[in-house]
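*Asks:* Provided below for reference: sequence and predicted model.
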Amino acid sequence: MTIVKKYEKRGNRLEIQGILKGIIYQNEINSYTIAEFETDDEELTVVGYLPFINSGDTLKLIGKFVTHQDYGRQFKIDSFEKMMPQTLASLEQYLSNGTIKGIGPATAKKIVDTFGEETIHIFKYEPQKLAIIKGITNEKAIEMAESFNENWELWQIVGFLERFGIGAANAKKVYKLLGANAIEKIEENPYILIDIARGVDFKQIDKMALDIGIGMDNVQRIRSGIKYSLIRVSYNGHTCVKKENLITFVKELLNVDTIIIENCLIDLNVTNEIVIEKQEEIELVYLYPFYKAEYNIAEKILLLDNEENIKKIKNFKQELKRIEKESSIKLSDKQKEALQAVNENNVCIITGGPGTGKTTIIKSIIDLYEEHKKKVVLCAPTGRAAKRMTEATKKEAKTLHRLLEIGKIEEEGNIESTDYDVAPIDADVIIIDEVSMVDLFLMNYLLKAVYKGTKLILVGDQDQLPSVGPGSILADLIESGKITTIHLDRIFRQAARSKIIVNAHRVNTGENFISNDEAKENATKEDFFYIKENSNEGMLYQVLSLCKERLQNFGDYEFFENIQVLSPTRKGMLGTKELNKALQKELNPESDFKAEKNSMGVIFREQDKIMQIRNNYDIYWERKEPEYENGSGVFNGELGIIEKIDHFEKQVKIKFDDNKEAWYAFSDLDQIEHAYAITIHKAQRLGI
């Protein structure tokens, strides 16, 4: 028996009621769900965010019908309300679906047969009566009722948040952190949601608070507005903000007087939620975790640098000559200066643009110190950068996450913790490449793992864009003048033959691209082309033509090994979404010999190039070369190739750039997307 309820109009949306008959797919993280839903009129497919729901639940759904290009007619959910079952049959189905502790199908039938229409009343107000049923003790009856009522609290939380425009996707985290009394805690202080739910709109929370009677000058409102403003600043890469600028922003955001904001800043500073630091005549305001991470980095890097230089090589100049002779490499004076600086200091920065000899210095460091039985460890922020480092040095480089054995990082509210435990690094010399991509929190974790007496060499290009996360570590360390820094500015002859490298340096100095005539005079190789097109269609043709065949004429470039398409946007004909479809069609077309899987309207095919789009700390992987290794964790931005799609086991095998292989369940495919084309923002994160 099902709910007797036909469609009702709610403005330009529809309201339907019925029973959730079966879940086709549900994302464990954000509860995005595809399910079979039965009303009195029909069975249909519904899609949307449905946290805390199970088969057998009675729901009221508000949304609209849409037509999916592959799956046909569906009901797209905008909001929902979980209802108490309205018939005995649906109540029995609900009780037996496994959500109520201690109740299975047989027990559910006995309860409904015994209490009938009074069943819900018994669970809520007279649970001890459940014990009259054979097999249910008094203790078990209370346990069943507590489980039933806890589920009821979950429903109420979702509905409560929905009224204020806070979607179901955030409800799960709110309940996990606040517990069964979440509604009471939120009504007492709605601004608590800013601290615990990442990405929640402050204006929504503020409206909710004002609507339930919280005053404009309420201290919790002002404090939350300050913290929200500092979090927002971090999204642009900043770790702090000038106090006067913060006050101006908060004043406009909240429409309150300056004096109230200043008083709340004092309170937050006293309770260590923020830090106000005076530098000369300027006052800077930090959220505490950002200040703590910066403080940790500054303290530890100076501590490392000031330790006794126990890894110093004696007779260094003679050793350097020997290395030059054995490797048949003629080092420049600047490269020798860099190597001398590494030997004389525990911490050293080597910076320079492309083609200035950084890799040669790294290889020379490896040769010098391994010759003296020192353990050298190489690492980089991303899988792509680590792979490139490995190829250049012929020595394995690890990602920082892998080196530090970083698992799931707990958050303080919606900000990373600075106290996360990492694996100490067993090394005499640690070389980190592409340091410009390392953000504040990752550098904090790294330095926690470095033993005193270890040499730390930071290599990178200070002219590259800073990290995607907060902080500008490399540039700030160089600017501080506290760490010995070698600036490489000479482009070596072989590198100077590359128009890419020459043009990169010209851009940094404000010059135009090198002309074709200049390129010919300097015997510059053809690896840089500026193509002007006046239409999207023309540019799309150029991209496809270059990737499929034309670039092979200039160096035997193979797309999956040597080519990456970048776009500044995700949308439009030349955005990554449409480019990926077009490039897949040209480079990895449909074939009888390649399995494929349609996931949420996206076709994934064996041999597709893909990218992980969020951190998954739990997924298991194995690496078979250079030696067997296993572990867990695949991180945002890692690139790979789909090697196998297994429809029988419902899973996909992906091999990533650093040779680790992982199996993804079909239900996890929302964690990946095609990577034939990626945004410049993502490329920055990968160090491409």
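*Replies:* Alright, I've got the coordinates.
*Asks:* buried sites along stretch 87-100?
*Replies:* With burial defined by 16 or more other C-beta atoms under 10 Å, the residues of stretch 87-100 counted as buried are 90-97, 99-100. Quick note: C-beta positions are derived from backbone N, CA and C, even for glycine.
*Asks:* okay, it in CSV with CA atoms only?
*Replies:* Backbone C-alpha positions of stretch 87-100 (Å, rounded to 0.1, in the frame of the first residue of the first chain) are rendered in CSV as follows:
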residue,chain,number,x,y,z
THR,A,87,0.0,3.4,6.4
LEU,A,88,0.7,0.2,8.4
ALA,A,89,2.3,-1.4,5.4
SER,A,90,4.7,1.5,4.9
LEU,A,91,5.4,1.6,8.6
GLU,A,92,6.3,-2.1,8.6
GLN,A,93,8.6,-1.6,5.6
TYR,A,94,10.3,1.4,7.3
LEU,A,95,10.9,-0.5,10.6
SER,A,96,12.4,-3.4,8.8
ASN,A,97,14.8,-1.5,6.5
GLY,A,98,17.7,-1.8,9.0
THR,A,99,17.8,1.8,10.3
ILE,A,100,16.3,1.0,13.7
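*Asks:* distance to residue 312 and secondary structure added to the buried residues of stretch 87-100, as CSV?
*Replies:* Formatted as CSV, the buried residues of stretch 87-100 follow (distance: C-beta to C-beta, whole Å; DSSP: H, G, I helix; E, B strand; the rest coil):
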residue, distance to residue 312, secondary structure
90, 77, helix
91, 78, helix
92, 78, helix
93, 75, helix
94, 72, helix
95, 73, helix
96, 72, coil
97, 68, coil
99, 65, coil
100, 68, coil
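*Asks:* tell me the one of the residues you listed nearest residue 353?
*Replies:* Nearest to residue 353 out of those is residue 99 (C-beta to C-beta; 59.3 Å).
*Asks:* distance of that closest one from residue 150?
*Replies:* Separation of residue 99 from residue 150 (C-beta to C-beta, to the nearest Å): 10 Å.
*Asks:* before we move on, back to that, can you tell me which of the buried residues of stretch 87-100 is nearest residue 373?
*Replies:* The nearest member of these to residue 373, counting by C-beta to C-beta, is residue 99 at 61.1 Å.
*Asks:* OK, contacts around residue 75?
*Replies:* 14, 16, 37, 44-47, 61, 63-66 (C-beta atoms under 8 Å, 6 or more residues apart in numbering).
*Asks:* in three-state terms, label residue 152 for me.
*Replies:* Per DSSP: H, G, I helix; E, B strand; the rest coil, the local secondary structure of residue 152 is helix.
*Asks:* let me fix that: residue 277
*Replies:* Under the three-state scheme (three-state DSSP), residue 277 adopts strand.
*Asks:* in the sheet, who's paired with it?
*Replies:* As for beta bridges, residue 277 partners with residue 284 under DSSP bridges.
*Asks:* how many neighbours does it have?
*Replies:* 15 (other C-beta atoms under 10 Å).
*Asks:* cool, and residue 445?
*Replies:* If we define neighbours as other C-beta under 10 Å, then residue 445 has 23 of them.
*Asks:* mind listing what's buried along stretch 264-271?
*Replies:* Neighbour-count burial for stretch 264-271 [16+ other C-beta under 10 Å]: 264-265, 268-269.
*Asks:* equivalent analysis for stretch 387-398, please.
*Replies:* Along stretch 387-398, these residues count as buried under the neighbour rule (16+ other C-beta under 10 Å): 387-390, 392-393, 397-398.
*Asks:* equivalent analysis for stretch 296-304, please.
*Replies:* In stretch 296-304, counting by 16+ other C-beta under 10 Å, buried: 296-297, 300-301, 304.
*Asks:* so for the buried residues of stretch 87-100, which is the shakiest by pLDDT?
*Replies:* Lowest pLDDT within the buried residues of stretch 87-100 is found at residue 97 (67).
*Asks:* looking at the buried residues of stretch 87-100, spot the one nearest residue 650.
*Replies:* For these, the nearest to residue 650 is residue 97 (22.3 Å; C-beta to C-beta).
*Asks:* burial of the spatially closest residue to residue 587 that is not a sequence neighbour, as a residue count?
*Replies:* Once flanking residues are discounted, residue 587 sits nearest to residue 559: 5.5 Å by C-beta to C-beta, 6 or more residues apart in numbering. When neighbours are defined as other C-beta under 10 Å, residue 559 has 20 of them.
*Asks:* same question for the one 4 residues further on.
*Replies:* Burial of residue 563, expressed as a neighbour count using other C-beta under 10 Å, amounts to 17.
*Asks:* in helices, which of the buried residues of stretch 264-271 fall?
*Replies:* Members of the buried residues of stretch 264-271 lying in helices (criterion: DSSP state H): 264-265, 268-269.
*Asks:* redo these as TSV? Include distance to residue 311 and pLDDT.
*Replies:* Converted to TSV, these look like this (distance: C-beta to C-beta, whole Å; pLDDT from 0 to 100):
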residue	distance to residue 311	pLDDT
264	49	96
265	46	97
268	44	96
269	41	95
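*Asks:* can you give me phi and psi for the closest residue to residue 138 other than its chain neighbours?
*Replies:* Excluding the flanking residues, the one nearest residue 138 by C-beta to C-beta, 6+ apart is residue 131, at 4.9 Å. Per-residue torsions, residue 131: phi -70, psi -10 (degrees, to the nearest 10).
*Asks:* contacts only, for residue 131.
*Replies:* 137-138, 140-141.
*Asks:* what's the pLDDT at residue 166?
*Replies:* For residue 166, the pLDDT comes out at 61.
*Asks:* returning to that earlier point: now, which of the contacts of residue 75 sits nearest residue 638?
*Replies:* residue 47 (28.1 Å).
*Asks:* secondary structure class for that closest one?
*Replies:* Going by three-state DSSP: residue 47 is strand.
*Asks:* could you do residue 395 as well?
*Replies:* From three-state DSSP, the assignment for residue 395 is coil.
*Asks:* state the phi and psi torsions of the nearest residue in space to residue 485 that is not next to it in sequence.
*Replies:* Nearest in space to residue 485, with sequence neighbours left out and distances taken as C-beta to C-beta, 6+ apart, is residue 349 at 4.2 Å. Main-chain torsions, residue 349, degrees, to the nearest 10: phi -110, psi 130.
*Asks:* residue 349 and residue 475: what is the separation?
*Replies:* Separation of residue 349 from residue 475 (C-beta to C-beta): 10 Å.
*Asks:* need the ones in helices among the buried residues of stretch 264-271 in a markdown table (columns: distance to residue 255).
*Replies:* What follows is these, written out as a markdown table (distance: C-beta to C-beta, whole Å):
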| residue | distance to residue 255 |
| --- | --- |
| 264 | 15 |
| 265 | 17 |
| 268 | 20 |
| 269 | 23 |
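*Asks:* quick check: closest non-adjacent residue to residue 283.
*Replies:* residue 243 is the one closest to residue 283 (C-beta to C-beta, 6+ apart), at 4.0 Å.
*Asks:* state the pLDDT value of that neighbour.
*Replies:* pLDDT, residue 243: 96.
*Asks:* repeat for the one 10 residues further on
*Replies:* Among the per-residue scores, residue 253 holds a pLDDT of 93.
*Asks:* tell me the contacts of it?
*Replies:* 202, 225, 228-229.
*Asks:* TSV for these, including distance to residue 375?
*Replies:* Listed next are the contacts of residue 253 as TSV, based on distance: C-beta to C-beta, whole Å:
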residue	distance to residue 375
202	49
225	50
228	46
229	46
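*Asks:* next step: those residues restricted to helices.
*Replies:* Counting by DSSP H, the part of those found in helices is 202, 225, 228-229.
*Asks:* look up how far residue 603 lies from the residue nearest to residue 138.
*Replies:* For residue 131, the distance to residue 603 equals 56 Å [C-beta to C-beta].
*Asks:* from residue 459, how far off is residue 335?
*Replies:* Where residue 459 is concerned, residue 335 sits at a distance of 13 Å (C-beta to C-beta).
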